[in-house]
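Chemist: how would this look folded up:
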Amino acid sequence: MKNQVTIIGAGIVGICTAISLQERGFDVRLIDRGDPGQETSFGNAGVISPWSIIPQAMPGIWKTLPGLLMDRDSPLSVRTRFWPRMIPWGLRFLRYATEAKARATSDSMEYLCGPSVNLYRRLLAGTGHEGLLTESYYVHAFRKVDKASLQSLDYRIRAEKGGDLALIGPEELQALEPGLSPDFKAAVVIKGQARARAPGELGRVLAAKARGLGVDVVRAEVTGLSRQDGIWTIAAKGQSFRAPRVVLAAGVWSADLLRPLGINLPLVAERGYHVEFADPGVTLKNSVMDVDGKAVASSMLGGVRLAGTAEFAAIDAPPDPRKQALLTRQAKAMLPDLSTAQVSFWMGRRPSFPDSLPALGALDGQEGLFAAFGHSHYGLMMAPKTGEVLADILSGRTANADLTPLNANRFR
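Modeler: This is a model prediction of the structure:
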């Protein structure tokens, strides 16, 4: 039983962690109530970006929040009933909005996002689905020329860390992405990226790889955790499991499982939406962000997808149907020739901490219980390195970076 590890949560983080542990010789069980890889990261915009290393809390963001919250078409919204939780979370968030803290957070984000493309290529090698990952630029498109500057803090941080960035004008942008609206007058092009052509399929393929390596994938809805005589009992509907070591990778649902253990964390559901248009009539060569609308468009195997919005609400609150119309309008504004006749609509729940970093590693006072959740907007990118980090920790290997900023106890 010494080498047994049970992972709760078979999202992309749990799947990558399962593979890394199994490759290190652990006997791994992976538990989820649904199909692996078909929850939060299923609806991702598909960006695999080593340079998505900029936290959400940046200097000056407080100036933009009132306008965003009052605008019905804003990418940011808070459900009325969620405000009692939102206020303390938001105040914590604003405390991180300094240049010094943003730079420190960026260092940790770089550690997790930096190797994402290479690690995904290694994970997909030999599966027959290597084409799910394709080379791409990340194009940040601006409607106002004066808003596009490589001197802004977020781009300076990337450049200082070695990012290959270019500022281009309207003619170059049209040549790069002919389908984009001519309303976009400038863009910052971030090179050295990749994109997933179907994030849900990526999760399915890697889950199949995990099974092939010997990971036991179990469908069960986990309801509680308890520990007795050095062994964890995982309660689930209609059954239970025992394990000496447990990795909690249940995304935003992780907080509810920890609360009965006396662990209260500022983890909230930052819900995102997407629309995907089958037979779109246009194609994007790269992932493109409409910087004004904070939405990202990509060509997927199933059509053109536009993903965006940050809606703070209870985990189980129903989707807001108005988001479909909002995102569809955004998509047409970005891509005037887009056919919107065949559209699907999706909502998922990002597990977000105020500092944009996940919780990784041992949970103090809970021997044998490890955190791997809270990846906010960056779960798809951070998942492969998260798996390696957890495998190192459980193997007793010393990390080649300071993991203190990722400790769940940082919020106490």
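Chemist: using CSV, write out the CA atom coordinates for the longest helix seen in the chain.
Modeler: Longest helix in the chain by number of residues (criterion: DSSP state H): helix 379-395. This file holds the C-alpha atoms of helix 379-395, laid out as CSV (Å, rounded to 0.1, in the frame of the first residue of the first chain):
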residue,chain,number,x,y,z
GLY,A,379,-5.1,25.1,-15.8
LEU,A,380,-4.6,23.8,-19.3
MET,A,381,-1.1,25.3,-19.5
MET,A,382,0.0,24.5,-15.9
ALA,A,383,-1.3,20.9,-15.8
PRO,A,384,1.8,19.0,-17.2
LYS,A,385,4.2,20.8,-14.9
THR,A,386,1.8,20.4,-12.0
GLY,A,387,1.9,16.7,-12.5
GLU,A,388,5.7,16.7,-12.5
VAL,A,389,5.8,18.9,-9.3
LEU,A,390,3.4,16.5,-7.5
ALA,A,391,5.4,13.5,-8.7
ASP,A,392,8.6,15.0,-7.4
ILE,A,393,7.1,15.9,-4.0
LEU,A,394,5.6,12.4,-3.5
SER,A,395,8.9,10.8,-4.6
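Chemist: for that helix, packing partners?
Modeler: helix 12-23, strand 47-48, helix 99-113, helix 116-124, strand 359-362, strand 369-373 (3 or more C-beta pairs under 8 Å, 6 or more residues apart in numbering; DSSP states H and E). C-betas here are computed from N, CA, C, even on glycine.
Chemist: closest one to V247 among those?
Modeler: strand 369-373 (4.7 Å; C-beta to C-beta).
Chemist: what's next to that closest one, contact-wise?
Modeler: Applying C-beta atoms under 8 Å, 6 or more residues apart in numbering, the contact partners of strand 369-373 are 7, 9, 13-14, 17, 225, 227, 232, 245-252, 254, 267, 351, 358-363, 386, 390, 393-394, 408.
Chemist: okay, the angle between it and helix 12-23?
Modeler: Using axes from the mean of the first three to the mean of the last three C-alpha atoms, to 10 degrees, the direction of strand 369-373 lies 130 degrees away from that of helix 12-23.
Chemist: list phi and psi for S74.
Modeler: phi -70, psi 150 (degrees, to the nearest 10).
Chemist: quick one, phi/psi of the closest residue in space to it that isn't next to it in sequence?
Modeler: Leaving aside its chain neighbours, S74 sits nearest to L68 (4.5 Å; criterion: C-beta to C-beta, 6 or more residues apart in numbering). Dihedral pair for L68: phi -60, psi -40, per degrees, to the nearest 10.
Chemist: ok so, going back, buried subset of the contacts of strand 369-373, written for ChimeraX?
Modeler: Here is the ChimeraX command that selects the buried residues among these (16 or more other C-beta atoms under 10 Å):
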select :7,9,13,14,17,225,232,245,246,247,248,249,250,251,252,254,267,351,358,359,360,361,362,363,386,390,393,394,408
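Chemist: if I look at the most far-flung residue of the chain relative to its centre, how far off is A236?
Modeler: Going by C-alpha atoms, centre = their mean, the residue of the chain most distant from its centre is D229, 35.9 Å out. Distance, D229 to A236, by C-beta to C-beta, to the nearest Å: 20 Å.
Chemist: for V288, same thing?
Modeler: 42 Å.
Chemist: compare those two (neighbour count), which wins?
Modeler: Using other C-beta atoms under 10 Å as the criterion, V288 and A236 rank with V288 on top: 30 against 17.
Chemist: thought that one was touching P178?
Modeler: No - V288 is beyond contact range of P178, at 11.9 Å (criterion: C-beta atoms under 8 Å).
Chemist: secondary structure element holding S298?
Modeler: strand 295-300 (DSSP states H and E).
Chemist: ok so, going back, quick one: the helices and strands packed on helix 379-395 as JSON lines, columns for mean pLDDT and distance to A278 too.
Modeler: Shown next, in JSON lines, are the helices and strands packed on helix 379-395 (pLDDT from 0 to 100; distance: least, C-beta to C-beta, whole Å):
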{"stretch": "helix 12-23", "mean pLDDT": "98", "distance to A278": "24"}
{"stretch": "strand 47-48", "mean pLDDT": "96", "distance to A278": "21"}
{"stretch": "helix 99-113", "mean pLDDT": "98", "distance to A278": "30"}
{"stretch": "helix 116-124", "mean pLDDT": "98", "distance to A278": "25"}
{"stretch": "strand 359-362", "mean pLDDT": "97", "distance to A278": "37"}
{"stretch": "strand 369-373", "mean pLDDT": "98", "distance to A278": "33"}
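Chemist: report all helices and strands that the helix or strand hosting G203 contacts.
Modeler: Here G203, judged by DSSP H and E, is contained in helix 199-213. Counting contacts by 3+ C-beta pairs under 8 Å, 6+ apart, helix 199-213 is packed against helix 12-23, helix 116-124, strand 216-219.
Chemist: out of those, which is the most enclosed?
Modeler: Among these, ranked by average contacts under mean count of other C-beta atoms under 10 Å, first place goes to helix 12-23 (a mean of 29).
Chemist: where does pLDDT dip in the protein?
Modeler: 1-2 (pLDDT under 70).
Chemist: in it, which spans are helices?
Modeler: Going by DSSP H, the chain shows helices at 12-23, 61-70, 83-95, 99-113, 116-124, 153-160, 170-176, 199-213, 254-258, 322-334, 379-395.
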